[in-house]
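[1] only geometry, no sequence info:
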């Protein structure tokens, strides 16, 4: 089995490529938010991808702090937190009252309760490397949700287009 520490230059190169891809994912909704800003309306867009994105970035920073020596994870997810927070602020500002309340409920559910419980439970119920493994798996699941969620929109759109024919 090859250990990443044996090839630090490759580990850094792949980490840097991962950060570039993650940055592109973080900024990909910019055209949507430009449209929201121009029209002063959220036009039926949902806030859940941005809440989950913020939650995922926070989890990855928690994981990086547990793991130690994970500067690339900390830097890109710090950028992610800033970008996702910006999206949520713009969304809540232009959303109608019902969508605004739903967004605030999601923020409380994921960011305050969900993240708080994960940190609290992993700190109280696990120790050492086991804590990092558990948090790593939780991060992986939510990262998959962030990256796979747009595919769900494509599948639904494709299904609706076929249904109309």
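    Looks like it came in fine. Predicted, not measured: the structure shown is a model, and the values here were computed from it. Residues are numbered from 1 along each chain as shown.

[2] for residue 46, helix, strand, or coil?
    coil (DSSP: H, G, I helix; E, B strand; the rest coil).

[3] any idea which helix or strand carries residue 77?
    Element membership for residue 77, per DSSP states H and E: helix 71-94.

[4] what sits up against that helix?
    12, 15-16, 18-19, 22-23, 26-27, 29, 33, 36-37, 40-42, 45, 47, 50-51, 53-54, 56-58, 60-61, 63-65, 67, 100, 103-104, 107 (CB atoms under 8 Å, 6 or more residues apart in numbering). Heads up, the C-betas are built off the backbone N, CA and C, glycines and all.

[5] filter the residues you listed down to the buried ones.
    Taking 16 or more other CB atoms under 10 Å as the criterion, what is buried in the contacts of helix 71-94 is 15, 19, 22, 26, 29, 33, 36, 42, 45, 47, 50-51, 53-54, 56-58, 60-61, 63-64, 100, 103, 107.

[6] those in strands, which ones?
    Within those, no residue falls in strands by DSSP state E.

[7] out of the residues you listed, which are inside helices?
    Of these, the ones assigned to helices by DSSP state H are 15, 19, 22, 26, 33, 36, 50-51, 53-54, 56-58, 60-61, 63-64, 100, 103, 107.

[8] quick one: the spatially most central residue of the chain from residue 28, how far?
    When CA atoms, centre = their mean is applied to the chain, the residue found nearest the centroid is residue 53 (2.1 Å). Residue 53 sits 11 Å away from residue 28, going by CB to CB, to the nearest Å.

[9] over to residue 55?
    Taken as CB to CB, the span from residue 55 to residue 28 is 18 Å.

[10] which one of those two has more residues nearby?
    The neighbour comparison of residue 55 against residue 28 (other CB atoms under 10 Å) goes to residue 55, with 23 against 10.

[11] what's the burial count for the nearest residue to that one once chain neighbours are set aside?
    The shortest distance from residue 55 to any non-neighbouring residue, by CB to CB, 6 or more residues apart in numbering, is to residue 110 (4.4 Å). Using other CB under 10 Å, residue 110 has 18 neighbouring residues.

[12] wait, doesn't residue 110 sit right on residue 49?
    No - taking CB atoms under 8 Å as the definition, residue 110 is not a contact partner of residue 49, at 11.6 Å.
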